[in-house]
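Student: Sequence plus predicted model, see below.
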Amino acid sequence: MSTIIFTLVCLGLIIWLIIIYNRLVSLKNQVEAAWSDISVQLKRRHDLIPKLVEVVKQYASYEQALLTQVTEIRTQSQKLDDLKALDLNETGLLEQNITEQLGKIKILAEDYPDLKASQHFIELQKELSIIEETLQHARRFYNGAVRMLNTRIDTFPDLAIARLFSFKYRQYFQMDMN
């Protein structure tokens, strides 16, 4: 009789361990998938920047410093992406800087009526707005997934399993989207 109880208790513990482990793996995969969504949106935005810079150059050739700065920041951000660097603080700061520079381009368009009225510029602005909105949603989803994973890693009994199998905390992706 005691052997049966011992076996059932051991079986229960093994099932409990499997359930918690699978829950942690699921959350880890959700975080990775969410980061992939962010990465796609950042790449779309990076690919749009040269087109936007080219259109602005046609109308506002005197604003070379701003356009050069936007291009340089984009290049830095792409290098981080190419390295698969997950220093989200650095990535967030670079992307925030890109957002600020793109805002300056929008303001610049106010000084150039021909640029502001350009159909190509208007289409690029619309596409950029869609990308920014999608990026904001992807960032929120990612940060929510990170919050759930980090909470599981921090709470008992999951923390015992998380430590046993070396689950790591993930960083939030901070980026002020204006």
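Tutor: Good, I have the coordinates. In this text, all values refer to a predicted model and were calculated from it rather than measured experimentally.

Student: need the contact list for Ile20.
Tutor: 157-158, 161 (C-beta atoms under 8 Å, 6 or more residues apart in numbering). Using the backbone N, CA and C atoms, a C-beta is placed for each residue, glycine as well.

Student: If you count neighbours, what's buried in stretch 49-57?
Tutor: Within stretch 49-57, the residues scored as buried using 16 or more other C-beta atoms under 10 Å are 49, 52-53, 55-56.

Student: Also stretch 116-129?
Tutor: By 16+ other C-beta under 10 Å, the buried positions in stretch 116-129 come out as 118, 121, 124-125, 128.

Student: right, and Met148 touches Leu27 too?
Tutor: Yes: proximity of Met148 to Leu27 meets the contact threshold set by C-beta atoms under 8 Å, at 5.5 Å.

Student: For the two, work out which one has more neighbours and name it.
Tutor: Under the neighbour definition other C-beta atoms under 10 Å, Met148 and Leu27 were set side by side, and Leu27 has more, 23 against 15.

Student: outside of the helix or strand of the chain with the lowest mean pLDDT, which residues touch it?
Tutor: Scoring the helices and strands of the chain by mean pLDDT, DSSP states H and E places helix 64-82 at the bottom, with a mean of 76. By C-beta under 8 Å, 6+ apart, the list of residues contacting helix 64-82 from outside reads 39, 42-43, 46, 49-50, 53, 56-57, 87, 90-91, 94-95, 97-98, 101-102, 104-105, 108.

Student: try 6 Å this time
Tutor: With C-beta atoms under 6 Å, 6 or more residues apart in numbering as the test, helix 64-82 has contacts from 46, 49, 53, 91, 94, 97-98, 101, 104.

Student: Return the distance of it from the chain's centre.
Tutor: Averaging C-alpha positions (C-alpha atoms, centre = their mean, to the nearest Å) puts helix 64-82 17 Å from its chain's average.

Student: Sweet, I'm off.
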